[in-house]
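Colleague: One predicted model, sequence on top.
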Amino acid sequence: MYDADRPPVDPEQLNAIDAMVGRATDAILKAQKPDGHWVFELEADATIPAEFVLLKHYLGEPEDRDLEARIGRYLRRIQALDTHGGWPLFHAGAFDISATVKAYFALKMIGDPVDAPHMVRAREAILAHGGAAATNVFTRIQLALYGAGLWTAIPTMPVELILLPRWFPIHLSKMSYWARTVIVPLLVLQVLKPVAKNPRGVRVDELFLPKTTVKPASKAANTKWLWTIGFNALDVVLKAIDPFWPKGLRKKAFDACVRFVTERLNGEDGLGAIYPAMANSVMMFDAFGYAEDHPDRAVARKSVEKLLVYREDGEVYCQPCVSPVWDTALVAHALLEAGGEEAEAQALKGLEWLKPLQVLDVKGDWADEKPDVRPGGWAFQYNNAHYPDLDDTAVVVMAMDRARRRLGAGGYDEAIARGDEWTVGLQSKNGGFGAFDADNSYHYLNNIPFADHGALLDPPTEDVSGRVVSMMGQLGDADPARMTAALKYLEDTQMADGSWFGRWGVNYVYGTWSVLCDLNAAGAAQTAPTVRKAVEWLNAIQNPDGGWGEDCDSYDLAYKGYTPAPSTASQTAWALLGLMAVGEVDSPAVARGIVWLQAQQQADGLWGQEMYTGGGFPRVFYLRYHGYPKFFPLWAAARYRNLKRSNTREVAWGM
């Protein structure tokens, strides 16, 4: 804990920060939807908009040249022509062969000439990295659906997998929710091997080398050579016996896949409410011969369309999903911190919008592991009842509890109680918490050839565990045994340098913020060695300009330390919130960070940020939350002002 006989408060400085908070608050309020919620753009890399273009041509839908042209402008803008010539997974990132192959294919489909300079650069980069055969499994499937590349080059996942008993080592319930929803329709496509309608007849043969010299590399962590050899041998066997599966068993498996998908379609919010699963479900229905106006196929196709973002500059791109619950809950926290009659009223309006979205009547896939736990969570998206998540639920519960206690808002007791009950009920055996399931830690599955993306599982992580512990501490009624186990998990996962890993945000700054908040909420002493080590780490990595930044490459499997990057608004806010949670509001590091935020505030009252600071899947898929540089800096600045004006350094809330 920083201790210098608490420096005197500078009224002029606090007035300037108050004005900064006011401008940011006004801007955030203008972004609120009429019904009370907030939702900001959620941008990934080139793969999703490219896949959207290819999906339309796979289905042979009527041409929409204007839409394609606008998506094309987006894809060309984010190409890294000034560096490697391809497409990265995040802003200013390294070349990624799978993203580049998909973007190239989509642009060629749109009509870009193959001899155009940007296409030549991309093609040369692809061939230099081993050609299209060196892409990941999902890209090779996309190519095979267009007759480009062989199905035999794709690891086999027999459709009969869906019929296996739960005790079987390879089972869908042992995979993450996103893997389940993406894979089930793919199981059908792998058997039927449909070919895209492709009315323009576009092919990408030029992306394949005469002889493949580069094997696709797995991005999974902690793979074991013995498991890998075993699973590769199994793949050979599965390919050999594929023609001999009994027809009756295969039909039974097909029927089970259709039931799985239709039970989870979520109306216009789509299967799993994530683009890959939604697009795969459309292709599955098409492969089974469902007419375009069949209710299931039609609603699945509509769900994909709703992910498009039409930008004011004329570009269009497709989001991987939407984040209204997450955005609304976090904005509510920021506004409650900012205070003021209007801000608090609109925060309550947002919480009222959230209240009916609590899932109280559906036992989702999480119940396979925890059948005795009652539903009570919130999903990330507008509707995803089978897959609520612990992170969102903990954040919503803390916001409602804060409104209840600070503003005297009524009507939240039952929602809070059920959210708390469901969240803590999904604690894993090691004391930690995963995002969607308990004990989804079957790490041997990362060795199967189909899992080369390294994102097959949903094990407990430090950031989600930190959020749940924050909720438990804020509510003050945690089961001592559960709290002890969770804190032990977090103690055991602290890195040698004092930081914590951040699964859903980039990366160690995010994880460390999350855990420091929970240590405060759980009553840890600010002088505890664990806390001091984390504070020292955050102070040590502060950039010379006063902000904090961290590159997505910190997720690299060869990680040997923090990967620095230019300061960003969201990461600076996380570091500040983490430091202030453990009594560092008067420290020089916090003062410099606040000055950085002041200097970076834009004319509209908000903060800009092109860097990606959200995590989808480490090493594979990153997210640019357009709301993060808007509400997190507001939250941090308001907290600094509030603590400076108060008689305490103590943060009273879990976040």
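Modeller: Perfect, I can see it now. Residues are numbered from 1 along each chain as shown.

Colleague: Which residues does stretch 61-80 contact?
Modeller: 45-46, 49-50, 52-53, 56, 85-88, 91-93, 95, 103, 106-107, 109-112, 118, 121-122, 310-311, 314-318 (C-beta atoms under 8 Å, 6 or more residues apart in numbering). (C-beta placed from N, C-alpha, C; glycine too.)

Colleague: what's the first-to-last distance across stretch 550-557?
Modeller: Terminal residues of stretch 550-557 lie 16 Å apart, using C-alpha to C-alpha, to the nearest Å.

Colleague: avg pLDDT for that stretch?
Modeller: Computed over stretch 550-557, the mean pLDDT rounds to 91.

Colleague: Now do the buried residues in that stretch.
Modeller: Buried residues in stretch 550-557, counted by 16 or more other C-beta atoms under 10 Å: 550-555.

Colleague: go on, stretch 604-621?
Modeller: Under the neighbour-count criterion of 16+ other C-beta under 10 Å, stretch 604-621 has 605-607, 609, 611-621 buried.

Colleague: so how far is Gly593 from Ser173?
Modeller: Relative to Gly593, Ser173 is positioned 44 Å away (criterion: C-beta to C-beta, to the nearest Å).

Colleague: Please read the previous query as pertaining to Val620.
Modeller: Distance, Val620 to Gly593, using C-beta to C-beta: 31 Å.

Colleague: how far away is the closest residue in space to Asp463 that isn't next to it in sequence from Val395?
Modeller: In space, and not counting its chain neighbours, Asp463 is closest to Ser514: 4.2 Å by C-beta to C-beta, 6 or more residues apart in numbering. Distance from Ser514 to Val395, counting by C-beta to C-beta: 11 Å.

Colleague: Which residues are in contact with each of those two?
Modeller: Counting by C-beta under 8 Å, 6+ apart, the residues touching both Ser514 and Val395 are Arg467.

Colleague: The two: which is more packed in?
Modeller: Between Ser514 and Val395, counted using other C-beta atoms under 10 Å, the more crowded position is Ser514 (33 against 25).

Colleague: shouldn't that one be in contact with Val468?
Modeller: No: Ser514 is beyond contact range of Val468, at 9.9 Å (criterion: C-beta atoms under 8 Å).

Colleague: So what does Phe621 have for phi and psi?
Modeller: Main-chain torsions, Phe621, degrees, to the nearest 10: phi -150, psi 120.

Colleague: partner residues bridging it?
Modeller: Per DSSP bridges, the residues bridged to Phe621 are Phe617.

Colleague: doesn't Leu42 make contact with it?
Modeller: No: using C-beta under 8 Å, Phe621 makes no contact with Leu42, being 11.9 Å away.

Colleague: shared neighbours, the two?
Modeller: Pro320.

Colleague: before we move on, the earlier item: list just the nearest of the buried residues of stretch 550-557 to Arg639.
Modeller: Each of the buried residues of stretch 550-557 was scored against Arg639 by C-beta to C-beta, and Glu550 proved nearest at 21.0 Å.

Colleague: Show the contacting residues for the residue lying closest to that closest one once chain neighbours are set aside.
Modeller: Distances taken as C-beta to C-beta, 6+ apart put Val509 closest to Glu550, at 5.0 Å, once the chain neighbours are dropped. Residues counted as contacts of Val509 (C-beta under 8 Å, 6+ apart) are 499, 502, 538, 541, 548, 550, 571, 574-575, 578.

Colleague: Mind putting those residues into CSV with distance to Leu75?
Modeller: Output for those, formatted as CSV (distance: C-beta to C-beta, whole Å):
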residue, distance to Leu75
Ser499, 35
Gly502, 29
Leu538, 37
Ile541, 34
Trp548, 31
Glu550, 27
Gln571, 27
Trp574, 31
Ala575, 34
Gly578, 37
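
Colleague: in stretch 369-386, what counts as buried?
Modeller: Quick answer for stretch 369-386 (16+ other C-beta under 10 Å): 369-370, 373, 375-386.
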